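1. Sequence first, then the predicted structure, then my questions.
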Amino acid sequence: MSVYMRNLRSAGWLSCALAGVLSVSASGEEEAVPAADPPPQHTKTEAQAQPAAAPTPAPAPTPAPAPVTPPMVAAPKPPAEPAGRKVPPLSKEITERTHPRYLMDLADVELRYNSLERAEELLKRALEFSAREEDKLLAQSKLAGLLERLQDWPAAVELYEKLVESEKNAGQKANYAMRLAQMYMRGEQYDKAEALLTPLAGAAPAGDQPGQNDWIPRLANERLMQVWKNQPGRLDAIVKECEDKLAQDPKDIATLEKLSNLYSSVKRDPAKSTEILQKLVELKPDDLDARDKLAASLQASGNLDGALVQYKKLLEAKPGPEGARFSYRAGQMLLQANRKDEAVALVKEHLDKPDAPVGNLNMLAAFYTQAQMTEQAEGVYLKLAEKATQPAQRADFLLRVADMARQAKNYDRSEQQLRAILEQFKDNPSVKARANRSLVQLYEEQGKVGELKIEK
């Protein structure tokens, strides 16, 4: 790794990098490493492990008062020979400790305060003294994630390769493979990335719970699309290969799914994507994911009535709170097509329920706002405020009501709501500050800032 890359570790942008794969609880019990979206229930998302895409440019140097001899710049070293780092030595008390879980817990504390170099030393010691296989895998996982944060790609790749080889749990193994494939892609080793992702793109491996590992083939296919897109000519070759397979077997579901992904996300062709998704839905009428994609594809193609048919079938298959998002999306589509009455009727039927959960009420309030139905939106936000369990959440919903009244130029109603918030949250400085800022905005719009009286 070059000196330039090593020096980037001290830059401020690194403190914003995500934590990588850290997979142990405070109690020391082993947990799953972060998974790609959507992960197994016991893992964090793989997206959380992504390092920053690019460093912040260094500030321009300050001119010296007098000419000086420019310093010598060291030649870059190969990635396999990382430059040394100045790490404060560990205390004797720590260097005498050999319990790997203790050392990993100490590393977690150092990471919490962004002391990356010391955390690295502790994790290396934990790996050195790990006798049990589970401790060894855990230390490797933590260290690999930290090396990603430090941009030490060669060392991180080496550890992930060992983890992919050693891990037995299907979900964990897929996590490591996804991370490793991303680093192969970063190094333009597309053949390696494709070889790693292709087996994962097939059927989902069995998990402890039904559907637990369904995210694996979905995300692996998305990653494969990225791999093919970055190789000139490779994408066209894959498309031709899929079309040749379908010519021989038009009911090849795996090939239809692959081709639909290609035409919808990489080699964009809405007409072909819709055609293939319709075949998939005919072959797998209970596949709600395929039907959902078909609805979106029909909508993108301008076939709103066709999309609405699919949304209604989705609502039939998923009635109640689970399928509410389909009515919200259908309602948005109809609003955009100036079919407001139809949109309102559909959304109210599925979302406007007395016992609706908070998530559905949020969608309902957003829909009413988009439909410019201010009174109805205010009513939903007030209901959300009643259901809120945290003061900050309750205040947020009430402030939205005041803001909607202001936007509707109902200034008296807006001020009345803001004064009530100030009274209700008089012991909460943060909420009071927000309400006072809204009052200032309210009076500015009326040209009456000089008349405003704010209680501190």
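-> Yep, it's here.
2. Could you check which helix or strand contains Asp289?
-> Secondary structure from DSSP states H and E places Asp289 in helix 288-300.
3. Also Ala195?
-> In the assignment (DSSP H and E), Ala195 maps to helix 190-197.
4. If you count neighbours, what's buried in whatever helix or strand comes next after that helix?
-> Downstream of helix 190-197, the next assigned helix or strand under DSSP H and E is helix 215-229. By 16 or more other Cβ atoms under 10 Å, the buried positions in helix 215-229 come out as 215-228. To be clear about C-beta, it is placed using only N, CA and C from the backbone, and glycine gets the same treatment.
5. Okay, helices next: where are they in the stretch 101-250 of the chain?
-> 116-128, 133-149, 153-166, 170-186, 190-197, 215-229, 234-248 (DSSP state H, counting those that start in this stretch).
6. who does the last one touch, helix- and strand-wise?
-> Translated: helix 234-248. On a contact count with 3 or more Cβ pairs under 8 Å, 6 or more residues apart in numbering; DSSP states H and E, helix 234-248 meets helix 215-229, helix 253-261.
7. Contact partners for Gly359?
-> Residues in contact with Gly359 (Cβ atoms under 8 Å, 6 or more residues apart in numbering) are Pro321, Ala324.
8. could you give me the average pLDDT of the one helix or strand it maps to?
-> Per DSSP H and E, Gly359 falls inside helix 358-370. Average pLDDT, helix 358-370: 93.
9. to the chain's geometric centre, what's the distance from it?
-> Distance, stretch centre to chain centre, for helix 358-370: 22 Å (Cα atoms, centre = their mean, to the nearest Å).
10. shaky segments in the stretch 51-200 of the chain?
-> For the stretch 51-200 of the chain, residues meeting the criterion pLDDT under 70 lie at 51-88.
11. got CSV for the helices of the stretch 101-250 of the chain, with distance to Ser265 too?
-> Output for the helices of the stretch 101-250 of the chain, formatted as CSV (distance: least, Cβ to Cβ, whole Å):
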stretch, distance to Ser265
helix 116-128, 35
helix 133-149, 26
helix 153-166, 26
helix 170-186, 16
helix 190-197, 15
helix 215-229, 6
helix 234-248, 11
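12. For Met363, find the nearest of the ones you listed.
-> For Met363, the closest of these is helix 215-229, at 23.7 Å, according to Cβ to Cβ.
13. what's the angle between the closest one and helix 170-186?
-> 10 degrees (axes from the mean of the first three to the mean of the last three Cα atoms, to 10 degrees).
14. Show me what helix 215-229 is packed against.
-> helix 170-186, helix 190-197, helix 234-248, helix 253-261.
15. quick one, which of those helices is packed in tightest?
-> helix 170-186 (a mean of 23; mean count of other Cβ atoms under 10 Å).
16. Output the contacting helices and strands for that one.
-> helix 133-149, helix 153-166, helix 190-197, helix 215-229.
17. Which residue, other than its chain neighbours, is closest to Lys251?
-> The spatially closest residue to Lys251, leaving aside those adjacent along the chain, is Leu283, at 6.0 Å (Cβ to Cβ, 6 or more residues apart in numbering).
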